[in-house]
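Colleague: pasting the structure only:
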């Protein structure tokens with residue numbers, strides 16, 4: 001069932017329920033009002049009969065009977081009885097013969113106790129009234145059929161049923177229009193979504209001027225498209241650059257081997273060719289390993305996490321980076337170490353953190369003029385701050401936004417060995433550890449990478 005029909009049926013059901021409750025309320029209160037009015041009429045007639053009876057001479061019921069026969073229209077099918085204090089029938093009258101009103105002993109006793117007692121007598125409403133003064137003590141009982149009230153309620157019932165069914169019918173067609181109007185923006189959104197493909201991710205859905213739930217859905221969907229488009233762009237760029245970087249050493253190896261096999265050469269020449277091929281294979285191996293490392297850090301669920309002392313990782317990184325080249329120097333300046341070991345402990349993967357920090361520190365040595373990197377650390381109750389600074393070529397502001405992209409290299413770095421994957425890998429690893437890395441570069445302070453890691457108290 002479509003949403004349009006669901007909304008229509010729900011709307012119809014709601015209106016039907018409201019109309020049903022209102023109809024019941026109208027009928028109930030109308031019936032209660034009619035009953036109260038008729039009881040008032042019975043009481044008025046009983047009081048009138050009692051006063052007339054109290055004022056007439058003993059045994060002279062002519063005036064009373066004349067009143068009863070002349071007021072046929074006031075009450076229909078009425079029956080009147082007067083009971084003495086000894087429970088004897090003093091007077092009885094009925095519009096129809098054979099329908100005299102006889103009170104039971106139980107009714108008489110209850111009337112004497114309550115003074116007024118309403119009851120049903122042969123499908124007619126009846127009232128027994130106890131009249132008591134200094135000279136009289138008797139009971140007047142009046143029973144009659146509320147024909148006007150019954151006819152009124154029957155007509156009211158027909159009207160309410162007709163209005164109920166017309167309301168349901170009207171609400172059904174109104175619900176269709178209501179649902180159509182309500183879902184019209186959703187239909188437009190659906191039509192625009194159907195035009196979006198992997199080759200047209202730049203298209204966005206129009207959010208309109210309204211500020212409702214649909215507007216928020218459209219905004220979130222457009223933001224999702226922004227992220228998807230960015231991911232596709234990065235992926236295409238990554239594949240293009242990776243293909244190019246992988247083909248370069250393969251082409252070089254193939255060309256050197258092809259040239260070497262064109263004629264016989266001396267052992268020294270073959271050794272030179274093999275050495276060159278070996279260097280290209282090492283570059284290819286390093287490139288492949290970097291690509292695999294980036295791929296492995298694409299999912300947080302694939303790494304093992306444990307408690308890691310960041311000072312131990314930094315000391316190991318500094319020692320290993322200095323072994324890469326004799327000119328590399330790494331100076332680590334620890335702020336006053338905290339007494340609480342948890343302030344310098346992070347929850348993460350030791351090998352991945354080592355790889356990320358090594359790439360950042362090694363880059364500082366590689367691209368600085370003196371091949372030195374200064375590592376400064378500071379701590380607070382929730383984070384560990386690691387600053388890696390070096391003096392060298394200033395990175396342009398526009399390039400800072402791109403240095404973490406795969407294969408991106410600044411113009412000054414293009415002449416030095418590398419593939420432009422180290423910082424990409426470092427940022428992904430730090431992201432897995434809920435850490436951030438920012439870069440600033442100027443002629444005074446040089447280039448500074450600031451890593452902000454949540455310590456174990458923050459992570460838990």
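Modeller: Yes, it's here. Quantities reported herein were computed from a predicted structural model and do not represent experimental measurements.
Colleague: what's the domain layout of the chain?
Modeller: The record's domain parsing of the chain by automatic domain parsing lists 3-152, 213-296, 300-459.
Colleague: Just put these in JSON lines and tack on mean neighbour count and mean pLDDT.
Modeller: Placement of C-beta: from N, CA and C, glycine included. Below are those laid out as JSON lines (neighbours: other CB atoms under 10 Å; pLDDT from 0 to 100):
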{"stretch": "domain 3-152", "mean neighbour count": "15", "mean pLDDT": "86"}
{"stretch": "domain 213-296", "mean neighbour count": "13", "mean pLDDT": "72"}
{"stretch": "domain 300-459", "mean neighbour count": "17", "mean pLDDT": "79"}
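Colleague: Dead centre of the chain: give me the residue that sits there.
Modeller: Closest residue to the average C-alpha location of the chain: residue 213 at 9.8 Å, with CA atoms, centre = their mean.
Colleague: quick one: secondary structure of residue 92?
Modeller: Following DSSP: H, G, I helix; E, B strand; the rest coil, residue 92 is assigned to strand.
Colleague: ok, now how distant is it from residue 39?
Modeller: 22 Å (CB to CB, to the nearest Å).
Colleague: same deal with residue 189?
Modeller: Taken as CB to CB, the span from residue 189 to residue 39 is 63 Å.
Colleague: Would you map the helices across the stretch 201-350 of the chain?
Modeller: 213-260, 267-296, 310-324, 350-367 (DSSP state H, counting those that start in this stretch).
Colleague: can you tell which of these is closest to residue 184?
Modeller: Nearest of those to residue 184, taken as CB to CB: helix 213-260 at 10.5 Å.
Colleague: what are the ranges of the strands in the stretch 301-450 of the chain?
Modeller: In the stretch 301-450 of the chain, the strands defined using DSSP state E, counting those that start in this stretch lie at 306-309, 329-334, 345-348, 372-379, 383-390, 436-442, 446-454.
Colleague: will you turn those into TSV that also has distance to residue 64?
Modeller: What follows is the strands of the stretch 301-450 of the chain, written out as TSV (distance: least, CB to CB, whole Å):
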stretch	distance to residue 64
strand 306-309	109
strand 329-334	120
strand 345-348	105
strand 372-379	111
strand 383-390	105
strand 436-442	106
strand 446-454	103
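Colleague: Ok, which of those comes nearest residue 31?
Modeller: Residue 31 lies closest to strand 446-454 among the strands of the stretch 301-450 of the chain, at 72.8 Å (CB to CB).
Colleague: any idea of the angle the closest one forms with strand 383-390?
Modeller: On the basis of axes from the mean of the first three to the mean of the last three CA atoms, to 10 degrees, strand 446-454 is oriented at 160 degrees to strand 383-390.
Colleague: Strand 446-454 versus helix 310-324: what angle between them?
Modeller: 140 degrees.
Colleague: What pairs with strand 446-454, parallel or antiparallel?
Modeller: strand 383-390 (antiparallel), strand 436-442 (antiparallel) (DSSP bridges).
Colleague: quick one: which of the ones you listed is nearest residue 456?
Modeller: strand 383-390 (9.8 Å).
Colleague: Can you check what angle separates that closest one from strand 372-379?
Modeller: Using the same axes, to 10 degrees: strand 383-390 against strand 372-379 is 170 degrees.
Colleague: Make TSV from the domains of the chain and add distance to residue 173 to it.
Modeller: TSV is the format used below for the domains of the chain (distance: least, CB to CB, whole Å):
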stretch	distance to residue 173
domain 3-152	9
domain 213-296	24
domain 300-459	54
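Colleague: Tell me which other helices or strands the longest helix anywhere in the chain touches.
Modeller: Of all segments of type helix in the chain, defined using DSSP state H, the longest is helix 3-55. If you count contacts as 3 or more CB pairs under 8 Å, 6 or more residues apart in numbering; DSSP states H and E, helix 3-55 packs onto helix 62-70, strand 76-83, strand 116-121, strand 124-132, strand 137-145, helix 147-194.
Colleague: redo that, cut-off 7 Å
Modeller: helix 62-70, strand 124-132, strand 137-145, helix 147-194 (3 or more CB pairs under 7 Å, 6 or more residues apart in numbering; DSSP states H and E).
Colleague: who touches residue 386 in this structure?
Modeller: Neighbour list for residue 386: 375, 377, 451, 453 [criterion: CB atoms under 7 Å, 6 or more residues apart in numbering].
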